[in-house]
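Student: have a look; sequence and predicted model below, questions after that.
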Amino acid sequence: MAAAAPRQRRSYCQRRNPWTDEGHSGARVDVTVGSGTLHISTGQLARFADGAAVVKHGETSVMVTAVSKGRGGSPASFLPLTVDYRQKAAAAGRIPTNYLRRELGPTDSEVLISRMIDRSLRPLFPSGYYCDTQIMCNLLAVDGIMDPGIASINAASAALSLSDIPWNGPVGAVLVGFIDGEVVINPSRKDLRRSMLQLVVSAAEQSKVVMLEASAENISQANFQKAIKDGVKHAQHIISSIKDLQKSHGKPKRDTLPPASVDSEIEETLKSLAFTKITDVFSDDTHHKISRDNAIQEIKEEVSVKIRESFPDRDTSSLSEMFSSLTKQVFRDLIFSRNLRCDGRELTQIRPIACQVNLFPPLHGSALFQRGQTQVLTTVTFDSPDSAAKVDAFSAIMSGIREKNFFLHYEFPPYATNETGRPGAIGRRELGHGALAEKALRPVIPLNYPFTIRLTSEVLESNGSSSMASACGGSLALLDAGVPIAEPVAGVAIGLVTNCDQSTGNVTDYRILTDLLGIEDYMGDMDFKLAGTKSGVTALQADIKLPGIPLNIVMESIQRASDAKSKIIDIMNETLSRPRLGQKENRPVLEKLEIPVNRRAKFLGVGGFNIKKITADTGVIVSPLDENTYQLFAPNQMAMDEAKERVDELLQDEKEPVLEFGAIYQAKIVEIKDFGVMVELYPSMPPALLHNSQLDLRKISHPSALNLSVGQEISVKYFGRDPATGQMRLSRKVLQSTAAAIAKTIGGERS
């Protein structure tokens, strides 16, 4: 079907002057959600935009604008929607710390929130609307208490509802926590620290779910389902408030032209030529991803040639779109009629799974997870705590986390789908998939683990659900590396195909598909990815293509996913169910080293030369923990042993000089204490105490009274060692008394 092109904007948009019309000062509605109030306003800021709204939650304020071109751009077959969420340091009362002192490219956090907003809005655009549309989120103020991401979704929903852009909203979004056994709506950042759930729910009218995003501390399925239901319920209040604002201050929606008429004769010819052949391909379960795609492409080329030959004078520009529509319809109808899928599986059946661990012994941990034609290689790397990933300053303000000692990087090279491409910067899709797999595994990582863990997931073959395969492979790789994770983790993608009432949009029939194929994702209505352990849920991401699905489908999908992940964990446990015992030879080693104060200078060397040389020669990183304690991180035990030998050489005792009783020595003050000073007679000797009572002829309570300082040299007299303690007995006072007596004698002779 050809794209629906919008008509010219109504004259209303040209007549209305928001700068002079009555009520141009703006309007506001307030809605109580959870324990707080959401203030939604419009009409004061960014009035050139098609739609603009400001949402204030607590002291956090976000302005979102919506602009869509008046004409369709390139003849695309999808909506070119762009969502830009940018965190501004000024909104948090900060100045960026980079060299230019200004905001640069988008951070990981900004990309992930942009994706979340996109997934909340895109399903509600009308079919056939392909005009360039841009949503821009401008953070005006951030209090560090309430989440600006949730406010941005609601502000974007309000901006689109108030605009003349065709959109079947509004949606409402809430953040759901689970604290002390109770569901909490829109918890503060402080409350989230105690919450075992962080769930974002975007819902439409009639309690339909549009988008879900969650990370959890292994929350039970029952509590998780309850949180979703409560979130959808509270989102309805936001929807009602936005609709009230829309009625009073919204613009009339643009008229759109009906879809271009289709040549019925060509359509019938296409169906007669291709229907049976397409059905045969999708009914043949011997096909794999590439052969099935090639077979459909051959049918398309063959039929296209015949139609163009039969109708040389007709417009066949929409032929490709007509063929795609027919292919999609045949694919979905076969699932409904046979309750079987194109690869021959039943609706609840999981693809064959194969697992391997310790593929490459030099690595700290590795695993290969194969599910059907999806293959993922995961590796674990340990490094020092100094290698923890640093979080950008704004995200640190919002989350309270400044660095991460566990992170997962996801890679999706083009060869994984038999394509060519240019490797380069990580894309939004890769970033989102990696973040989801990381959230799935983070809850089972031990707290205060001594090493920084980097998990890499490289997709070698992809035919659906590579992010969930990354979670499965990551769990196995962590066990292979000997990390004592709480429980094994697995993930699975659930799909959906529906039949809907064209007049109401309500679902009349549906099939839920366990363990989604790539083609089922493309042809279907939902990609519902859930990960967790056998006892609970750790992560969820639901991408829904319909303008919302009923809660009962969501609940059933969670149950299907929970059953599937338990089966997958059983299969994984056959390969490796517990952390590998014993350390690999190449496993890094972490030890603490106590250095006496008097030896610290000798250990460090001038400007830290000694420890830098140890690092350069052995690869061992030396980090200070406090003034006497240092941490040694070595890539393996051999390097640690070598580094400790170097340290022993630096600190080994030289032959201690023999001191003469009654002799006078020059001593260097190395430390000042309340009851005296520690002095060093020779570098190879430990410091000795020179007590306050032996510092001066006068009685003093602290060495500072004599203006003594560290590094100063003084003369002391040696009186042997204490027979009880073995400590040296030194005195500075006796030298002063001798000098005073001599001065007195000389003075008397002169008189």
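Tutor: That came through, no problem. Numbering: from 1, shown residues only.

Student: for this structure, longest helix please?
Tutor: Longest helix of the chain, by residue count under DSSP state H: helix 221-249.

Student: residues of that helix that come out buried?
Tutor: Neighbour-count burial for helix 221-249, counted by 16 or more other Cβ atoms under 10 Å, picks out 221, 223-232, 234-235, 237-239, 241-243, 245-246, 249. Any C-beta I mention is one placed from the backbone N, CA and C, and that applies to glycine too.

Student: with stretch 382-389 instead?
Tutor: Residues of stretch 382-389 classed as buried by neighbour count (16+ other Cβ under 10 Å): 382-385, 387-388.

Student: any idea how far apart the tips of it sit?
Tutor: This stretch, stretch 382-389, spans 13 Å end to end (Cα to Cα, to the nearest Å).

Student: what is the rounded mean pLDDT of it?
Tutor: Averaging pLDDT along stretch 382-389 gives 84.

Student: run the chain-centre distance for it.
Tutor: Computed by Cα atoms, centre = their mean, to the nearest Å, the separation of stretch 382-389 from the middle of its chain amounts to 17 Å.

Student: again, but for stretch 490-510
Tutor: Between the centre of stretch 490-510 and the centre of its chain there are 29 Å (Cα atoms, centre = their mean).

Student: how about the strands in the stretch 451-600 of the chain?
Tutor: 452-461, 490-500, 507-514, 526-532, 537-544, 589-594 (DSSP state E, counting those that start in this stretch).

Student: mean pLDDT for those: which is lowest?
Tutor: The bottom spot among the strands of the stretch 451-600 of the chain, by mean pLDDT, belongs to strand 589-594, with a mean of 88.

Student: where's residue 278 relative to residue 210, distance?
Tutor: 31 Å (Cβ to Cβ, to the nearest Å).

Student: which one's more surrounded, these two?
Tutor: residue 210 (29 against 24; other Cβ atoms under 10 Å).

Student: wait, a strand at that one?
Tutor: Yes. Judged by DSSP: H, G, I helix; E, B strand; the rest coil, residue 210 forms part of a strand.

Student: who are the contact partners of it?
Tutor: Residues near residue 210 by Cβ atoms under 8 Å, 6 or more residues apart in numbering: 119-120, 123-124, 171, 202-204, 544, 547-548.

Student: next one: it from residue 599, what distance?
Tutor: 65 Å.

Student: in stretch 606-625, what's buried?
Tutor: Residues of stretch 606-625 classed as buried by neighbour count (16+ other Cβ under 10 Å): 610-611, 614, 618-622.

Student: ok, so of these, who is nearest residue 633?
Tutor: For the buried residues of stretch 606-625, the residue nearest residue 633 by Cβ to Cβ is residue 621; the value is 4.5 Å.

Student: does the closest one have beta-bridge partners, and which?
Tutor: Beta-bridge partners of residue 621, counted by DSSP bridges, are residue 633.

Student: what about the residue lying closest to residue 460 once chain neighbours are set aside, which SS state?
Tutor: Distance criterion Cβ to Cβ, 6 or more residues apart in numbering; nearest residue to residue 460, sequence neighbours excluded, is residue 375 at 4.5 Å. Under the three-state scheme (three-state DSSP), residue 375 adopts strand.

Student: going forward, begin numbering at 35 instead of 1
Tutor: Noted, 35 is the first residue going forward, which turns the last one into residue 409.

Student: what are the bridge partners for residue 409, then?
Tutor: When assigned by DSSP bridges, residue 409 has beta-bridge partners residue 404, residue 495.

Student: so who does it touch?
Tutor: Applying Cβ under 8 Å, 6+ apart, the residues near residue 409 are 402-403, 493-496, 503.

Student: show me the two of the residues you listed that sit farthest apart.
Tutor: 402 and 496 (14.3 Å).

Student: mind listing which of the buried residues of stretch 416-423 are in strands?
Tutor: Cross-referencing the buried residues of stretch 416-423 against strands under DSSP state E gives 416-417.

Student: quick one on the thing from earlier: TSV please, covering the contacts of residue 409 and showing neighbour count and distance to residue 629.
Tutor: Output for the contacts of residue 409, formatted as TSV (neighbours: other Cβ atoms under 10 Å; distance: Cβ to Cβ, whole Å):
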residue	neighbour count	distance to residue 629
402	18	45
403	30	46
493	23	47
494	16	48
495	18	52
496	20	52
503	29	48
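
Student: I'd like those residues laid out as TSV, including distance to residue 229.
Tutor: Output for the contacts of residue 409, formatted as TSV (distance: Cβ to Cβ, whole Å):
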residue	distance to residue 229
402	35
403	30
493	32
494	37
495	37
496	34
503	28
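
Student: which among those gets closest to residue 447?
Tutor: Comparing the contacts of residue 409 against residue 447 with Cβ to Cβ places residue 493 closest, at 7.2 Å.

Student: that closest one and residue 499, how far apart?
Tutor: Taking Cβ to Cβ, one finds residue 493 at 10 Å from residue 499.
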